[in-house]
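Asker: sequence first, predicted model second:
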Amino acid sequence: MSEDKELSYADAIEEAGSAMGRFPLIPVKGIPLMSHIADNFDAISAFCPDASDLLIATYPKAGTTWTQEIVDLLLHNGDAEACRRAPTPVRSPFLEIWSPPPIPSGLDLLNKMAPPRIIKTHLPIQLVPTGFWEKKCKTIYIARNAKDNMVSYYYFDHMNKTQPEPGPWEGYIHKFMRGELSWGSWYDHVKGYWEAREKKNILYLFYEDMKENPRREVERIMKYLDLTLPDDVISRIVELTSFKNMKENPMANYTCIPKTVFDSSISNFMRKGYSI
């Protein structure tokens, strides 16, 4: 996919303009979701994946983009240029995201892609479309420790002008603990996928393990995907997905999102380390 595609995606967000304000939260089956997601949840819930599709699930700010990039590189034999064909949200659509036109929704993007697809979600396990489990799709879940996850989410909620206003840090801590942020409770989220990991064949990873020994975790993902790549390709993937290289990669660092939506003067999408 060419640079023009990246620009058209960014231009669509820019064109949405004033419709891209901070969306309020609406409960869906007890889970607070931003109104543009909640209003379209019936269509999201009805999504029917292909058995070859891969789901990458996380609580927000727990290593999603990092894992998306690792998977894309594994599937493309470590070819960096192939993985610069488009920005992350186009290569690996966000299942439930739903934005004002002309921005394509996650479903719009997925419906234009041929399987196998890499699909991102922040939905807790009970809200994931049942087709993923009926088709026995492979699922990778990444959990991050609560304190670091909360800090990263706080900064993200400040810079992302579509997320609900985070308010002061002192109040944000209590909202996090009560599960009153977008996508609900961190505690229930990580526990739900953990309890279902064996029954649903979920590869459950820990963000801290990925930081401690990225090569080991890349190899775990590779084996889960039934791939076999030579050592030099694995080494290249580890290097390409280092924080330094990811932060400098315009196809992975979310600089395709205009500053009117992601205000980098407040915080970068990739802030101090893998908080993505």
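Answerer: Yep, it's here.

Asker: residue 70: which element?
Answerer: Assigned by DSSP states H and E, residue 70 falls within helix 64-75.

Asker: pull the CA atoms of whatever helix or strand comes next after that helix into CSV?
Answerer: Heading C-terminal from helix 64-75, the first helix or strand you meet, by DSSP H and E, is helix 88-91. These are the backbone C-alpha positions of helix 88-91, laid out as CSV (Å, rounded to 0.1, in the frame of the first residue of the first chain):
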residue,chain,number,x,y,z
THR,A,88,-0.8,0.1,11.6
PRO,A,89,-4.6,0.9,11.8
VAL,A,90,-4.9,0.1,8.1
ARG,A,91,-2.7,-3.0,8.1
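
Asker: show me what the helix holding residue 70 is packed against.
Answerer: In this structure, helix 64-75 packs against strand 54-58, helix 88-91, strand 118-121, strand 138-143, helix 214-224, helix 231-240, helix 243-248, with contacts taken as 3 or more C-beta pairs under 8 Å, 6 or more residues apart in numbering; DSSP states H and E. No exception for glycine: its C-beta is placed from N, CA and C like everyone else's.

Asker: list the contacts of it.
Answerer: 54, 56, 58, 79-80, 83, 88, 91-92, 118, 120, 122, 140, 142, 205, 210, 218, 221-222, 225, 227, 229, 236-237, 240-241, 246, 249, 252, 254, 270, 274, 276 (C-beta atoms under 8 Å, 6 or more residues apart in numbering).

Asker: before we move on, what about stretch 198-213?
Answerer: 62-63, 66-67, 133, 136, 138-145, 148, 193-194, 196-197, 216-217, 220-221, 224, 273-274.

Asker: can you rerun that using 7 Å?
Answerer: 62-63, 66, 133, 136, 138-145, 193-194, 196-197, 217, 221, 224, 274 (C-beta atoms under 7 Å, 6 or more residues apart in numbering).

Asker: buried sites along the helix or strand harbouring residue 110?
Answerer: Assigned by DSSP H and E, residue 110 falls within helix 106-111. Within helix 106-111, the residues that count as buried by 16 or more other C-beta atoms under 10 Å are 106, 107, 109, 110.

Asker: measure the residue nearest to residue 185 when sequence neighbours are not counted to residue 28 for me?
Answerer: Spatially, and ignoring its direct neighbours in sequence, residue 185 is nearest to residue 179 (2.9 Å; C-beta to C-beta, 6 or more residues apart in numbering). From residue 179 across to residue 28, the span is 13 Å (C-beta to C-beta, to the nearest Å).
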